[in-house]
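S.K.: Okay, sequence plus prediction incoming.
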Amino acid sequence: MSIDQPTRRVIALAPMPPEKSAYALARYSRSPDSIEDSLRWVHGHSSEKFWDQFYFDYGHASIADLGHVIICFEDISELAAIRLEDEPLWDGQAKSSRYQNFASGGWFVPDSIRGTETEGTYHGILRSLAEIYRLLHKPLTQFISEREPRPESIKPADYQRTIAARAFDVTRYLLPLAARTNVGQVVSIRTLEKQITRLLSSQLPELRSIGDELKDACQRSPVNLWGELGGQPGAQEPLAPTLARHATSNEYQASVYQDLARYAKDALLGTGLDQPASWGEPTPVDLIEPHDPLDELVTTLLYRVSHAPYRSLLAVVRTWAEKQKQEAIDVAMSTRGPYDELIKEFRSGYAFTFDVLMDIGGWRDMHRHRRCQQIQQNFTTLHGYEVPPPLVQAGLDQEYRQAMDAVRSDIEQLKKASAEGSLYATPFGFKVRCLFKMDYAEAEYIARLRSGVKGHWSYRTIAWLMKQKIAARYPSLGDRIQATSPDIEDTLTR
């Protein structure tokens, strides 16, 4: 006697409000019902009650991974865009400074300096950057065009776009963190809640305001332009009202880095690590040898709130007694609540730890890699700035250096009146230090992908050096990485 087999089905569902879809899929996993029956059930029951009970009361956080949202942020600063993208589980794209003119987009002005004399100083810095940005683009475009004439195989329009992009690769070094940009993201509502909490807990007023606006957007009906264009207008349910009602600032996140900064200032007093002169010759990429997990954790905590190289901080930490190392960890956990996740500096134990010093613009592209842990130090002018090679080749580097030297001096003066303003005024050409912790698969991926000829020379150099550092320490692993030397160029490949 034959036994009938169930008929296999693969079903695609139309988009639903994220809290409803998460409710439906959560119930689907907890009952024998078909997805259609689960949807009918959810349609007739309150999702708000479900969320309050299971997500917020019982802590079933994975439920929120089942609902996704599309959120767009327009006319925010580049600095805010960077912080939006700090989520490890994040999918999105920011307006690219490699392919468009950013000089006409305007600048973000912190509320704290509006209407003051400091605002005039701030605008003066940004105007000087914008002027050099515009002045350099035309001669750069001409230089690159003469060096790389259009081959017959490339259409004129494609060629002009490529040449313009290569010129923007250079001039974007003059863009400040105050430059306005747009960001689009697709995230789960679990990630969205974390993002809102992190923004509301920030020390930066712009980010707190964005957090408030993000909460407000979750409580409103989403824009339904696509439906209207398709002839399906109609009122939409609020995006994620229950989540928005519960998302608040977090005391632990709001205070932990300030606590660590105060601790580090005292703990490193007398070591010389608070002075750039003691850091030695800057190294773009330093592969740190494996070391004690406790030393790694303490060094990482200090690294986050200082500007010193990881290796120098590690040398100091290794001289500490066990009690002092535990004190550093206590500071990082003292305000932690029972439901707070540890800050990302605790994500340690990776086989490959790179201390990278590179320009902010190139780092913006490296920042996209999420299969690794990134611990970024605060933006500063202390590390100096990069000079793009094409500027030297075109004989235009003197104008650039003069502009950047003047801006650095102006920023240091501005910092005395407004640390917030000086942060936003910092151009992409200045260097930032960031720790990248990863496994071998991610190291191979970054070195292979980012060293390719389509990329920007800044991160191409960093990716190539990562491969070289691995090959020097682990030859059998490094030799398997198919990276491309930055000496190999193909300007017209995109």
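M.R.: Okay, I see it. Please read these numbers as outputs of a predicted model, since none were measured by experiment. Numbers count the residues shown, from 1 in each chain.
S.K.: Output the contacting helices and strands for the lengthiest helix in the chain.
M.R.: In the chain, assigned by DSSP state H, the helix with the most residues is helix 117-147. With contacts defined as 3 or more C-beta pairs under 8 Å, 6 or more residues apart in numbering; DSSP states H and E, the secondary structure elements packing on helix 117-147 are helix 156-171, helix 389-393, helix 397-417, helix 419-424. In short, each C-beta sits where N, CA and C put it, glycine included.
S.K.: Of these, which stretch is the most buried?
M.R.: The densest packing among the helices and strands packed on helix 117-147, expressed as mean neighbour count by mean count of other C-beta atoms under 10 Å, is seen in helix 419-424 with a mean of 21.
S.K.: For that one, name the packing helices and strands.
M.R.: Using 3+ C-beta pairs under 8 Å, 6+ apart as the contact test, the elements touching helix 419-424 are helix 117-147, helix 397-417.
S.K.: For residue 445, which of those is the nearest?
M.R.: Nearest to residue 445, of all the helices and strands packed on helix 419-424, is helix 117-147, at 29.6 Å by C-beta to C-beta.
S.K.: any idea of the mean pLDDT in the closest one?
M.R.: Taken as a whole, helix 117-147 carries a mean pLDDT of 94.
S.K.: Pull out the buried positions in that helix.
M.R.: Neighbour-count burial for helix 117-147 flags 118-119, 121-122, 125-126, 129-130, 132-133, 136-137, 140-141, 143-145 (criterion: 16 or more other C-beta atoms under 10 Å).
S.K.: Could you do stretch 433-440 as well?
M.R.: Within stretch 433-440, the residues that count as buried by 16+ other C-beta under 10 Å are 433, 434, 435, 436, 437, 438, 440.
S.K.: What of stretch 186-197?
M.R.: Going by neighbour count (16+ other C-beta under 10 Å), the buried part of stretch 186-197 is 187, 188, 189, 190, 191, 192, 193, 194, 195, 196, 197.
S.K.: Out of those residues, which is nearest to residue 64?
M.R.: Checking these against residue 64 with C-beta to C-beta, the nearest one is residue 190 at 3.3 Å.
S.K.: what's the closest non-adjacent residue to that closest one?
M.R.: With sequence-adjacent residues excluded and distances taken as C-beta to C-beta, 6 or more residues apart in numbering, residue 190 is closest to residue 64, at 3.3 Å.
S.K.: and that neighbour, how many residues sit next to it?
M.R.: Here the count is done by other C-beta atoms under 10 Å, and residue 64 has 24 residues near it.
S.K.: So it versus residue 188, what's the distance?
M.R.: Distance of residue 64 to residue 188, given as C-beta to C-beta, to the nearest Å: 6 Å.
S.K.: Kindly reformat the helices and strands packed on helix 117-147 as a markdown table containing distance to residue 76.
M.R.: Supplementary listing: the helices and strands packed on helix 117-147 in a markdown table, determined by distance: least, C-beta to C-beta, whole Å:
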| stretch | distance to residue 76 |
| --- | --- |
| helix 156-171 | 20 |
| helix 389-393 | 29 |
| helix 397-417 | 21 |
| helix 419-424 | 12 |
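S.K.: Go through those helices and name the closest to residue 9.
M.R.: Proximity to residue 9, assessed across those by C-beta to C-beta, is greatest for helix 156-171 (45.0 Å).
S.K.: what angle do the longest helix of the chain and helix 397-417 make?
M.R.: Helix 117-147 and helix 397-417 are oriented at 160 degrees to each other (axes from the mean of the first three to the mean of the last three C-alpha atoms, to 10 degrees).
S.K.: Now find how far off-centre helix 117-147 is within its chain.
M.R.: Centroid separation for helix 117-147 versus its chain: 25 Å, with C-alpha atoms, centre = their mean, to the nearest Å.
S.K.: circling back to that earlier point, ok, the residue nearest to residue 190 touching residue 195?
M.R.: No: counting by C-beta atoms under 8 Å, residue 195 is not a contact partner of residue 64; they are 11.9 Å apart.
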